[in-house]
Every structure is written in structure tokens, then in C-alpha cells.
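J.: no sequence for this one, just the structure:
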């Protein structure tokens, strides 16, 4: 049934409801196309740059340097660095020189110098950090650079 009142076309029936549905659907598609980049931008996070800590060479006679956030070991395979934050509850771990392992003072979780879990309530190994060398012009190592 089509009626015209004061220049307006008032349509009723199945055709007008399908048309209205199609128009709404197209409006939704257009809105999604334009809003998609905005939603992608809102969720974007820039990863933090690695923090570089320089430790002067040579290491102490014990072969261990204790930093605030890491333990640096001199091994036959090269230098290795592990986190000082226990994977159990976040306590700061310490290296036990006489026992040759890393121990958490809070709950006695134990780790090897390469960060592998030995015992205790911690279920994960300590995270390892990349270590590079800083050399002088003659090729001698003057510092270790730990990438946190």
C-alpha cells in the first residue's frame, strides 16, 4: 500500500523493511571499514627498548658479578646472565658461592648458575639475558654488555 502525503512517500510492506535492513547493514559495513584502523591503533603497544648494562671486564676472581637486576657468570662457554627475580614470588635471589647455586632467600628455591630450577616452590627457570662484548681497538674485551 503506497500513499503520498504532502510530497512524502510512505511505503509499508515487505519491500520497505528489506530496504531498511539493507541500508542499515550497508551503514554498518561502511562504519566498520572506517573504524577498523582506529581500533587497531588503540590496541597498538610499542615494545620497550632493551636496557643495556655495561659491566667492566675482567669479572672478579669468583667469576660472578652481582648486579641489581641480574647475575653475570663467566663460564667456559662464555659469559651468561640470569635474572635476579625469583619466578616463584618475585624475591631477589642471591648466588651462594660456597654451594655453587643461586638461592631465593624467601622460600629457598634453588637454581643452577645458568638459571635452571633445581628445587623449591618455583616452577620455572630464571630468565636468561643476552650478553655481548665491548672491545677496544686491539680486540681485547673491556666490558660485558647485558641486554635486559
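T.: Yep, that arrived. Here the structure is a predicted model, which is why all the values come from computation and not from measurement.
J.: I'd like the mean pLDDT over the host helix or strand of residue 17, please.
T.: In this structure, residue 17 sits in helix 14-42 according to DSSP states H and E. The average pLDDT for helix 14-42 rounds to 85.
J.: other SSEs contacting the helix or strand just after that helix?
T.: Where DSSP H and E defines the elements, the next helix or strand beyond helix 14-42 is strand 52-56. Other helices and strands packing on strand 52-56, by 3 or more Cβ pairs under 8 Å, 6 or more residues apart in numbering; DSSP states H and E, are strand 141-147. For glycine as for every other residue, the C-beta is placed from the backbone atoms N, C-alpha and C.
J.: give the helix, strand or coil label for residue 129.
T.: Counting by DSSP: H, G, I helix; E, B strand; the rest coil, the backbone at residue 129 sits in strand.
J.: hmm, it is touching residue 81, no?
T.: Yes: if you go by Cβ atoms under 8 Å, residue 129 and residue 81 touch, sitting 4.2 Å apart.
J.: overlap in contacts of the two?
T.: Listed as contacting both residue 129 and residue 81 by Cβ atoms under 8 Å, 6 or more residues apart in numbering are 70, 146.
J.: of the two, who's got more company?
T.: Each of residue 129 and residue 81 has its neighbours counted (other Cβ atoms under 10 Å); residue 81 has more, 27 against 21.
J.: tell me what that one is bridged to.
T.: Following DSSP bridges, residue 81 is listed with bridge partners residue 72, residue 129.
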